[in-house]
Each structure stands twice: as structure tokens, then as C-alpha cells.
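K.L.:
Dropping a prediction and its sequence here:
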Amino acid sequence: MKFSRLAFAAATALAFATPAAMADLVFPSLDYRTGPYAPNGIPFADGYADYFTLVNERDGGIGGVKARVVPCETEYNTTKGVECYEATKGEGALLYQPLSTGITYQLIPKASADGIPIHSMGYGRTSAANGKVFEWVFNYPGTYWDAASIIVKHIIDQEGGDISGKKIALVYHNSAYGKEPIRTLEELAKKHGYSLTLLPVDHPGQEQKATWLQIRRDRPDYVVMWGWGVMNQVAVQEAVNIRFPMDKFIGVWWSGAETDVLPAGEGAHGYKAITMHGVGMDFPIYADLKTHVYDKGLSAGAGDQHGSVLYNRGMQAAMLAVEAAKTAQAIHGAPNITAAMMRDGMEALEITDEKLTALGLPDFMPTFEVTCANHGGSGLGAIQQWDAKTKTWSLVTDFIASDREVIDPLIAEDSAAYAAEANITPRTCE
Amino acid sequence: MFYREAGEFKTSYQADQATFPIAFDRWGYCAVVAVAFLVVPFLINPYWEQAIFLPFLVFAMAALGLNILTGYCGQVSLGTGGFMAVGAYACYKLMTAFVWMPMPLVVILAGLCAAAVGIVFGLPSLRIKGFYLAVATLAAQFFLIWLFNKVGWFYNYSATGQINAPERDFLGILVTGPNTRPWATYLFCLSFVFVFAWVARNLTRGRIGRSWMAIRDMDIAAEIIGVNPLMAKLSAFAVSSFYIGMAGAMYFAIWKGAAEGTEAFSIEISFVVLFMVILGGLGSIFGSLVGAAFLTLLPVLFKNVLAVQLGWPTDIAAHLEVILIGALIIFFLIKEPHGIAALWRIIKEKLRLWPFPH
């Protein structure tokens, strides 16, 4: 009796403990394959894992050191996200990409104190673009405020240059994520003279009847959406139900994947979303992936997401992490880098056309370079449109620049507020 | 054989009515407290702190609170998440408005704010009972979360509606913010839970606790023997919300450091705390602690065993974890409908006779 209890206690302690560190480059993947956000979490996680598998199989690792992806299920829940962070950071984690604005907000102070960089690629806290205040946080190649500004620019373009007096409605996930663009859209409303209606949708977003009834009544000229998970599918379906013109319904880059529009069928034809990278499988890298990953049966997950929008984005996230690690190895002249070295690599990261071509991703995304003061990258985005007949996305614009005149003061203001709140003296970056 | 009353002679009423009448129990309790206060702080690391001890302590506090209301006074409440949010937002407002205020005082004042709100939402309990009261408290849950999301004053007009706990120390030791040491936050929460579990135990044994139980068992009879239902019910709501409010304050400031009303204090929290109380044992302090341990630690345990130790795919592990916990809840409730605390009581009864049951 005594002994068995003791054995049980030992087994419990063992089960709670995390395994010891190994000499790999560790990239935890805080992903979610369950819950209401799984339709979007799965393709991203698959792309992220597959790219690292490719690098290990084809190149023998990053600079000769194998990369190890440690998956941890967060269910897009901040408590579980923080638990994943604590569970994996002891393994020598180099970089966290939480794929959740809520978790990012939670991790920013912790990771900054622990000295582990965070890359919230096109999500998270927008003002983290100010590297002077957010030393450990990066959100290149673009931020939510860039996205909001580019969407408004596209609307101006569609309307022939003048949108004063027009009505724009923002349908958003009622969380830190969905609320991010409001500041920018309000500032832009002042500048361009449109009126903005805010329509929050509560987690998980399956109940939107009232929201779309209001849209039907108010008849806004454009609907912009900041949604994620099942909320996207429901919103697109509801828009179809009220016969809202789909080409006037524009989603952020997290609301523009195949899984979001497929359930609505033909009705979703013409739906638009912004994107930060190219679409489809017409990149030479897919030949490499086929030889080194898919044909060897090493695909992550079910292996049915190849070429989808979010799979490409997961791959992009992994690619930027690998390039930053390579940069860090070059700076410090050592293949085994630490989290602090990784941060230096991220801050010196340059993505050029030559690099992209060499990686098998020519014209996949706009070029950018990260600096000490600018962690937000170039902030370019293109508009993609859904063709329900061929079931494909295609880019309908070039990569457009955002309105820095509006965004930069907002970033300065918000990061200054954070610096004051968290007692941070901004770096000088000289 | 070892666990017995034989040889223990009580010579006063006080000794006879002690919480732990058997010496073995008393020593066991002292040993657990000593380990919790003197050993764990030296062994704790950030993972154990964030994933195991702080969640357990915070939810133990919330479960204690709900057990006072539901277990002792018989008033079903689904507003726990809302009252925790009151505690959290009150804590945030106090921390940012009165920078000098020491953290223990902030937590207690946050609890008092929640108590005041609890009394207001407890008023309907004088007229409605049972399921209808559950619905009324459900309204509290939704209303409070909506309020904290809608009115910018509560989150100091931050752009995202998030509240972030600024760095605060107590006696020169950091207890909030990212630079805290695991033992500091652990001891802070443990002290609160220890003191207030003690208070709750003695409160429920005294006059107020007896009046709560009288109301729970039969309110008309209680009224006839002179228990004032207004006082009894409202005091139960106040004390319960006080505990839950403190739990909310610790949840936000000490454990998480940042919170977002709609996610952190959703209806799911209300249900989880109610399950803790039902599973642990209604009307039992020990049950509150066991229930909280059961529902906060088992998911982490299963996740570690399935996904980390066995290396199964994370999605399968996550689904299996939910299934296993659901199955265990059903198993324990079939085995002992009065909760794990009752099971523990039966085990102790048997141990007194062991190994000679006749």
C-alpha cells in the first residue's frame, strides 16, 4: 500500500516533469488542432512542421544542426498557451510563434524577461513593430494596422479615389485580436471621411444572426472582417444569406483561407481578403517538398493541406525563422545558437529576391529588412479574391504599401504607453 | 491499526469538537502544511508554478467560495466567472489607481468589491430558488462580462480591452509582473488559500454556517426556528463572492498577469468551478480543495503523459484528455454521488477498523 502510493507519486512527478534539453535547434510550435479554431490552426501547423522537416531532410538541418519542432496543443486558449510556453522553454526554445494574439499579449512580458524572442507574424501587438521598446518581439512582415490601411486603400481604389460619406462596417472577433484594427480604422475614417460601424462577434463566433441582420438593415458599402476559426465560415455564409455583394466583403489575412469560403459554396464567389504572400503551389519549393517530405511519408498531420493559404503561411513563418537562425549563425559564427543569438539574427534579417529564389520561393512575398528600430518589416499586402468555380484564390492587386503617415504615430503612441506601463527605457538604436 | 481513536481521551468540549479529532489526522494535516510552506518553495520551478500550483490554488479559492454558497447554503450559482471578473477588474483598477497599495490589501479589497456585487445579485435568491436562481446568476455572468467589455473605464481605455497587471512587490519581494520568482507567487497564493480555508472551516462550524445549512436543508423550517433568511442568504452570497473575488484577483494579477474579460472569465469558468464543487463534495472544505486539484491537475497530467511521454499526436492527446476526464467524472459520481470528500470519509471509517472489521 505504502509502496504503491510512493510509486504512484514518483510516476506522477515524472509525468509532470519535462524532458531534458538536447543539442538541437528547438522551435516550439504552439499550434491548435482541436477546438473551434482548428480549421485554421491545422494547415498552419502542418506547413510550419513540414518546412522544418524539409530543411532537416534536404539540407541536413540549419547550418548543419538539426531543427526540432516541439508541438504543443493550445486550443487557441491563453491559459494553455502559457502552459505550453512554460513546458517548452526549458528545452532551449529559440523562438515562439504562438499564432494567437491573446497568447502573444500574455507572453510578451514573460518572454522579454526570460530573453526568448517572439515572432508574431502579422498578428499580436501591432506596436511591437517599434523595436526600441519591444526588444524581444517581432511582427514582420506586416502588422494589423498595415492590413487595415491597405484594405482601406483598396476600397478607395475600387471607389475611384473618394470614399467620403461611404459606410464601412467592421465585423470583428470580440477579443484583443479583433479590436486591434479599430484604432487605425477610426483614424483613417477621420482622414478619408467614411463612417465606421463596429460589430463585435463573441467567441467562438457561431452566432452571428444579429450581426448580419444589422448589416442588412444598415446597408454598409463595405464590410471588413477580423475573424478567425469557425467565425469566418459562419460570417461568409451569413453574408451569402443576406445577399451581400461578396466583392465588397474583405477579410484580414486571417480570414482568407480555403476552409473559410468552401462551406458557403458558389455563394462565396468574389470574396476578398488581404494576404502577405503568394497563393497556390506554383513554387519550385513544392517539388523539393514532394521529394524530401511528402513521398517519404513525413508530412505533418493528415497531409491534406498542401498548397492551401494557411499552409503556405505556416511555411512562410518557418522559412523566416530558419533564415533568421542562419543569419544568427553567420553573425555569431557558431552553429549552435541560443535564444539571445536568435534575437540578433532576427533583428538583422534581410529577405531579398535572391534569397527567395534560392529557397524555391521566387516572388512569394515582398522583400523587407528588419532593423533595431523597425521590427514590423515592410508592411506590404496584396488583395486576393476567391473563385468559387475553380476553388482557388488569386491575387487581384500588386503588393500595396500601407499609409505610414497614419500608422507610425499610432505605433509611437501605443508603444510609448506600453513602455510607461512596463517601466521600459526605450533603446536608442544607434 | 495506526489510524484509530483508541487511547485518545478527550477531556474538554474543545478537544472533542476539534477539526481533526484523531491524532493521526492532525499530524498528517500538519505535515502537509509544513511541506506546502517549507519544502515546495525550494523545489518549485516556473513550469510547476504556472501550470500546476497557481491554477490549483486560484481555483481552490474559487471553489471554496462557491462551496459556501452552493454546498453550505444551497443556492445554485452560475455566476462564478462574472464574480471572478469583478475581483480581477477591481484589482486592476486598485493597482493602477493606488500605486502605493500593498498587494494583500489590493486582493482583499478586490474581494470586498466582488462581495458587494454578489449581494446585489443575491437579492433575487429571496424570491426564487433552484434552477430559477441558477438562471438569475447566469444573467449576472453575462451582464458583468458585457459590462467590463463595454465600458472603457474598467480597462483604462486600453486599445484592446486587455488588462495588464503592473509590477508590484510586497515586503520588497515581487509578486506580480514577469520578473517574479516562482516561490514568491506560490507562497503569496498559498498564504491566502491557507488563511481563508481556515476561516471558511470555522465560519461554517459557527452560528453563521449553521444558519446557512438550516436554510439549505429546509428554508421554511429554518425560518420557523428563527433563522433570518434575508441575512443568511445574503451573507452567504457576500462571503462566497468575497472568496471568488479574491480568486479572480489572484487569477489575474498573480497567475496570468494579463486577462481579457471575454476569454478569461467566460461561462466555462463558472461551469468548471461548479464541477469542482460537485465532484469534490458539496458542503466540504476538503472537497473544494480536492475538486480543484482534480480538475486543474488531471488535464495537465494527461497531456504530459499522452503527448510528451508517449509522444502521441497532440490533437489525439487533446481529444483523449477530454474523454478521459469526462469518464473519470462520471466514474467518481457513480461511485460516490456525494463527491470525493465523501469517498475519503468512507475510507477513513474503514481504516479505523482495519484490519479487524468485525
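P.N.:
Received the coordinates, thanks. Residues are numbered from 1 along each chain as shown, chains lettered A, B, ... in the order given.
K.L.:
Alongside chain A, which residues does the stretch 201-350 of chain B contribute?
P.N.:
B:256-258, B:260, B:262-264, B:266, B:300-301, B:303-305, B:307-309, B:313-315, B:317-319 (Cβ under 8 Å from any Cβ of the partner chain). The C-beta positions use only the backbone N, C-alpha and C, and glycine is treated the same way.
K.L.:
how about 10 Å then?
P.N.:
For the stretch 201-350 of chain B, the residues in contact with chain A (Cβ under 10 Å from any Cβ of the partner chain) are B:251, B:255-264, B:266, B:268, B:296-297, B:299-309, B:313-319, B:321-322.
K.L.:
now the residues you listed: which count as buried?
P.N.:
B:251, B:255-264, B:266, B:296-297, B:299-308, B:314-315, B:317-318, B:321 (16 or more other Cβ atoms under 10 Å in any protein chain shown).
K.L.:
from the residues you listed, which ones fall inside helices?
P.N.:
B:261-264, B:296-297, B:299-303, B:314-315, B:317-318, B:321 (DSSP state H).
K.L.:
Out of those, flag the one nearest to residue B:213.
P.N.:
residue B:296 (27.6 Å; Cβ to Cβ).
K.L.:
Apart from its neighbours in sequence, what residue is nearest the closest one?
P.N.:
Once flanking residues are discounted, residue B:296 sits nearest to residue B:55: 4.4 Å by Cβ to Cβ, 6 or more residues apart in numbering or on different chains.
K.L.:
so what does the helix or strand encompassing the one you found touch, helix or strand wise?
P.N.:
Residue B:55 is part of helix B:54-66 when elements are defined by DSSP states H and E. On a contact count with 3 or more Cβ pairs under 10 Å, 6 or more residues apart in numbering or on different chains; DSSP states H and E, helix B:54-66 meets helix B:80-97, helix B:103-122, helix B:182-205, helix B:229-250, helix B:267-280, helix B:285-303.
K.L.:
which of the residues in the shortest one are buried?
P.N.:
Read that as helix B:267-280. Neighbour-count burial for helix B:267-280 [16+ other Cβ under 10 Å]: B:267, B:269-270, B:272-280.
K.L.:
got the angle for that helix vs helix B:54-66?
P.N.:
Computed by axes from the mean of the first three to the mean of the last three Cα atoms, to 10 degrees, the angle separating helix B:267-280 from helix B:54-66 equals 80 degrees.
K.L.:
Would you mind checking the average pLDDT for helix B:267-280?
P.N.:
For helix B:267-280, mean pLDDT is 91.
K.L.:
now the angle from that helix to helix B:229-250?
P.N.:
Per the same axes, to 10 degrees, the angle that helix B:267-280 makes with helix B:229-250 is 110 degrees.
K.L.:
Just the pLDDT at the closest residue to residue B:179 other than its chain neighbours, thanks.
P.N.:
Excluding its sequence neighbours, the residue lying closest to residue B:179 (Cβ to Cβ, 6+ apart) is residue A:113, at 5.1 Å. On the pLDDT scale, residue A:113 is placed at 89.
K.L.:
ok, residue A:113 - contacts?
P.N.:
A:136, B:177-180 (Cβ atoms under 10 Å, 6 or more residues apart in numbering or on different chains).
K.L.:
I'd like the distance from the helix or strand hosting it to the chain centre, please.
P.N.:
Using DSSP H and E, residue A:113 maps to helix A:101-114. Here helix A:101-114 shows a centroid-to-chain-centroid distance of 15 Å under the convention Cα atoms, centre = their mean, to the nearest Å.
K.L.:
Quick check: buried residues in it?
P.N.:
Buried residues in helix A:101-114 (16+ other Cβ under 10 Å): A:101-112, A:114.
K.L.:
and which of the residues you listed is nearest to chain B?
P.N.:
residue A:109 (3.7 Å; Cβ to the nearest Cβ).
K.L.:
Report how many residues lie close to the closest residue to that closest one other than its chain neighbours.
P.N.:
Among residues not flanking residue A:109 along the chain, residue B:178 sits closest, at 3.7 Å (Cβ to Cβ, 6+ apart). Neighbours of residue B:178 under the rule other Cβ atoms under 10 Å in any protein chain shown: 18.
K.L.:
tell me the pLDDT at residue B:178?
P.N.:
We have a pLDDT of 81 for residue B:178.
K.L.:
you'd agree it is up against residue A:116?
P.N.:
No - the criterion here is Cβ atoms under 10 Å, and residue B:178 misses it with residue A:116 at 11.7 Å.
K.L.:
Identify the contacts common to these two.
P.N.:
A:107, A:110.
K.L.:
How about the contacts made by the nearest residue to residue B:81 once chain neighbours are set aside?
P.N.:
Here the nearest residue to residue B:81 in space, its sequence neighbours aside, is residue B:269; by Cβ to Cβ, 6+ apart that works out to 3.8 Å. Each residue near residue B:269 by Cβ under 10 Å, 6+ apart is listed here: B:59, B:62, B:80-85, B:141, B:247-248, B:251, B:263.
K.L.:
tell me the contacts of residue 103?
P.N.:
Defaulting to chain A. A:30, A:74, A:76-82, A:84-85, A:96, A:118, A:120, A:123-124, A:176.
K.L.:
oops, chain B please
P.N.:
Listed by Cβ under 10 Å, 6+ apart, the contact partners of residue B:103 are B:91, B:94-95, B:165, B:168-171, B:173-176, B:188, B:249-250, B:253-254.
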